[in-house]
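Colleague: Got a predicted structure plus its sequence, pasted below:
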Amino acid sequence: CYEKVRRNIDVMPHRILIMETEMDVMMGQTKDAIGNYDKAINAAKESELIHEEAIANERAGDFCLSQGDVRASNYYGKAYNLYLQWGAEGKADNLKKKSL
């Protein structure tokens, strides 16, 4: 799966960034995680992929929450608004419940 996405890096750089960041976090390499999530968020935004930007914000929020970082609410808030903008009210509602 990773290799398939890696071949399409020009088309989906945000997905590569999210996947690499997630793998780093799973391996305990969290030093650059927030910066890398932010890069993924910006790449998705540049690609005008609202749902991908929402996912990247949600994953950044999950990471912050797991680290006790207060920025989690900021990322969750952005993800919530993006999900609504995309028309995914159910996902936005689930995220709202999760982040309370």
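Modeller: Perfect, thanks for sending it. Residues are numbered from 1 along each chain as shown.
Colleague: Every contact and neighbour count from this point should use C-alpha atoms.
Modeller: OK.
Colleague: So for this protein, the centremost residue is which one?
Modeller: residue 56 (1.3 Å; C-alpha atoms, centre = their mean).
Colleague: That one in helix, strand or coil?
Modeller: helix (DSSP: H, G, I helix; E, B strand; the rest coil).
Colleague: Disregarding residues adjacent in the polypeptide, which is nearest to it?
Modeller: residue 41 (5.5 Å; C-alpha to C-alpha, 6 or more residues apart in numbering).
Colleague: To which secondary structure element is the one you found assigned?
Modeller: Residue 41 belongs to helix 33-46 when assigned by DSSP states H and E.
Colleague: ok, now residue 28?
Modeller: Per DSSP H and E, there is no helix or strand for residue 28.
Colleague: so how many other residues sit close to it?
Modeller: Here the number of neighbours of residue 28 (other C-alpha atoms under 10 Å) works out to 9.
Colleague: Next one: it from residue 66, what distance?
Modeller: 12 Å (C-alpha to C-alpha, to the nearest Å).
Colleague: how far is the helix holding residue 41 from where the chain is centred?
Modeller: 7 Å (C-alpha atoms, centre = their mean, to the nearest Å).
Colleague: ditto for stretch 27-45
Modeller: Relative to the chain's own centre, stretch 27-45 is displaced by 8 Å; criterion: C-alpha atoms, centre = their mean.
Colleague: in it, what's buried?
Modeller: Going by neighbour count (16 or more other C-alpha atoms under 10 Å), the buried part of stretch 27-45 is 30, 33-34, 36-45.
Colleague: counting contacts, what elements does the helix holding residue 41 pack onto?
Modeller: Judged by 3 or more C-alpha pairs under 8 Å, 6 or more residues apart in numbering; DSSP states H and E, helix 33-46 is in contact with helix 13-26, helix 50-66.
Colleague: Cool, thanks, talk later.
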